[in-house]
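>>> Okay, predicted coordinates and the sequence, questions at the end:
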There are 2 protein chains.
Amino acid sequence: MSVPEILAAARTRRAMIATAESCTAGMIAATLTDPAGASDVFDCGFVTYSNAAKMRMLGVRRETLDTHGAVSEAVAHEMAQGALDRSQAALAVAVTGIAGPGGSEYKPEGRVCFALAGLASHVETVEFGAPGRSAVRHETVQHALALLLGALTQDGDQRGKVGRIP
Amino acid sequence: MSVPEILAAARTRRAMIATAESCTAGMIAATLTDPAGASDVFDCGFVTYSNAAKMRMLGVRRETLDTHGAVSEAVAHEMAQGALDRSQAALAVAVTGIAGPGGSEYKPEGRVCFALAGLASHVETVEFGAPGRSAVRHETVQHALALLLGALTQDGDQRGKVGRIP
C-alpha cells in the first residue's frame, strides 16, 4: 500500500485524515507520517488501548462496549465517528482487534474490526487468523490504509464495500 | 531499550503510562504495545501532528506555540502535562521534533524536545543531527523509552536528570 498515494488522494480531495487505533496502537498514524510533509493532510490520532480511553477520548458508549465487546463493528464505528467529531479530519479510520497471542472476550485471535467515518461510512470485520501478533498488527495497518485509499479515490473495488454501517 | 523492562517497572509502581507524540506520530505507543498484555499499564496515546491538534487534544496554549514554536521544551512540557491530565496515567511522555528532511521554524533538522510529567517532571532537547527522517524517529522512540524507564526506576543515571522543568 502506497502511503504517498493516500496522501496525494487526500490532498486532491482536500480531506484531512484522523485515526483511532486500539490493537495497532499508533502504527497507522506512524505509517501515514513515514513520508515528510504529511502535516497538511494528517491531523491527529487517538490511541485508545483501554476501554476507559475509548470512552473518554472518543465517546464510545459503555453500553456499546458491554453489549458488543471492545472488538466489535459497533465499537469500531463509534471510534471512527468519535475521531471524526473530535478532529479537523474529513475522514477517520478506526481499528479494534485481537492481535494475540490468544483470543479474548470469547473471540478468536486475529479478529479485527475496521470502520470509516466521514467521506465514507463503512464497517467490516477481518479474520487474520493466528500468524502472530506482529503479523496481525502489520496486516491491520495495511488493510486500514487500503480502506483509506478506497474511500479517498472511490475506485470500483471499494465503491461496493464503502457504505455499510452497523 | 527493553520494553518488557519498562512494562514491568510500571507494574511494580502501579503506574499507567500515556504518550503525546508529534514527530513520532504513534511510534512510541506502538512500541510500548509490541508485547502482548500491556493493557494494564499502557492507557492511551495522543498523536498530535498539527498545532491545532496539540491545542485541541492536549490543551497546549496558542501563546506557547507562538512564542516558542511547536518544537520547544515549553510545548513538550504542555503536551506531557496535557496527556497526564487527560488520561488515567501516572506518567506521561511527550515528544515534538523535526524529523526532517530539512529544518523548520529556523530550527535544525534532528532537534527533538522531550518532556515527562507525573511521577517525574523533566524536559530536555536532543540534537540528533541529520541521519535521515527514519533514523531520527527511531532514535526519538528509543530516547523516550529510556526516559520512561528512568522515571519508573529512578536509577542513579536518571535521578539527576529528571526534575528539570521549563
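Thanks, I have the structure now.
>>> shaky segments in chain A?
For chain A, the stretches with pLDDT under 70 are A:1, A:155-166.
>>> For it, what lies in contact range of chain B?
A:19, A:21, A:24-30, A:32-34, A:36, A:38-39, A:42-50, A:52-53, A:56-57, A:86-88, A:99-102, A:133-134, A:137 (CB under 8 Å from any CB of the partner chain). Placement of C-beta: from N, CA and C, glycine included.
>>> Filter those residues down to the buried ones, ChimeraX style.
Those of the residues of chain A next to chain B that count as buried under 16 or more other CB atoms under 10 Å in any protein chain shown are selected in ChimeraX with:
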select /A:19,21,24,25,26,27,28,29,30,32,33,34,38,39,42,43,44,45,46,47,48,49,50,52,53,56,57,86,87,99,100,133,137
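>>> Mind checking which of the residues of chain A next to chain B land in strands?
Applying DSSP state E to the residues of chain A next to chain B, the entries found in strands are A:19, A:21, A:42-48.
>>> Now the closest residue to chain B within chain A: closest residue in space, sequence neighbours ignored.
As assessed by CB to the nearest CB, chain B sits closest to residue A:26 within chain A, at 2.4 Å. Spatial nearest neighbour of residue A:26, excluding adjacent residues (CB to CB, 6 or more residues apart in numbering or on different chains): residue B:26 at 2.4 Å.
>>> Could you check how far residue A:140 is from residue A:19?
Counting by CB to CB, to the nearest Å, the gap from residue A:140 to residue A:19 is 12 Å.
>>> wait, I meant residue A:11
17 Å.
>>> before we move on, what about residue A:110?
Distance from residue A:110 to residue A:19, by CB to CB: 21 Å.
>>> now swap in residue A:84 and tell me
To residue A:19, residue A:84 is 11 Å away according to CB to CB.
>>> now swap in residue A:10 and tell me
Where residue A:19 is concerned, residue A:10 sits at a distance of 13 Å (CB to CB).
>>> All the helices of chain A, residue numbers only.
A:3-13, A:27-32, A:51-58, A:62-68, A:73-85, A:133-153, A:156-159 (DSSP state H).
>>> Among the ones you listed, show me which one is buried the most.
Mean neighbour count (mean count of other CB atoms under 10 Å in any protein chain shown) peaks for helix A:27-32 among the helices of chain A, with a mean of 28.
>>> Give the other helices and strands that it contacts.
Using 3 or more CB pairs under 8 Å, 6 or more residues apart in numbering or on different chains; DSSP states H and E, the elements in contact with helix A:27-32 are helix A:3-13, strand A:17-21, strand A:42-48, helix A:133-153, helix B:27-32.
>>> What is the longest one packed up against?
Read it as helix A:133-153. Packing contacts for helix A:133-153, counted by 3+ CB pairs under 8 Å, 6+ apart, involve helix A:3-13, helix A:27-32, strand A:91-97, strand A:111-118, strand A:122-127, helix A:156-159.
>>> can you rerun that using 6 Å?
Where contact means 3 or more CB pairs under 6 Å, 6 or more residues apart in numbering or on different chains; DSSP states H and E, helix A:133-153 is packed against helix A:3-13, helix A:27-32, strand A:91-97, strand A:111-118.
>>> The most centrally placed residue in chain A: what's it in contact with?
With distances taken as CA atoms, centre = their mean, residue A:94 lies nearest the centre of chain A, 2.4 Å away. Counting by CB atoms under 6 Å, 6 or more residues apart in numbering or on different chains, residue A:94 makes contact with A:20, A:76, A:79-80, A:115.
>>> Could you rerun that using 7 Å?
Going by CB atoms under 7 Å, 6 or more residues apart in numbering or on different chains, residue A:94 touches A:20, A:76, A:79-80, A:83, A:115.
>>> go on, residue A:95?
When contacts are counted by CB under 7 Å, 6+ apart, residue A:95 touches A:21-24, A:28, A:76, A:112, A:114, A:140, A:144.
>>> just residue A:100 next, same as before
Neighbouring residues of residue A:100 by CB under 7 Å, 6+ apart: A:109-110, A:130, A:133, A:136, B:36.
>>> Ok, residue A:115 next?
Residue A:115 neighbours (CB under 7 Å, 6+ apart): A:73, A:76-77, A:79-80, A:94, A:122-123.
>>> repeat that for 6 Å
Residue A:115 touches A:76-77, A:80, A:94, A:123, counting by CB under 6 Å, 6+ apart.
>>> who does the residue nearest to residue A:32 when sequence neighbours are not counted bridge with?
Leaving aside its chain neighbours, residue A:32 sits nearest to residue A:42 (5.2 Å; criterion: CB to CB, 6+ apart). Going by DSSP bridges, residue A:42 is paired in beta bridges with residue A:17.
>>> hang on, isn't residue A:42 packed against residue A:18?
No: applying CB atoms under 6 Å as the test, residue A:42 and residue A:18 come out as separate, 8.1 Å apart.
>>> sorry, back to before: any idea which of the contacts of residue A:94 is closest to residue B:154?
Closest approach between those and residue B:154, by CB to CB: residue A:20, at 34.1 Å.
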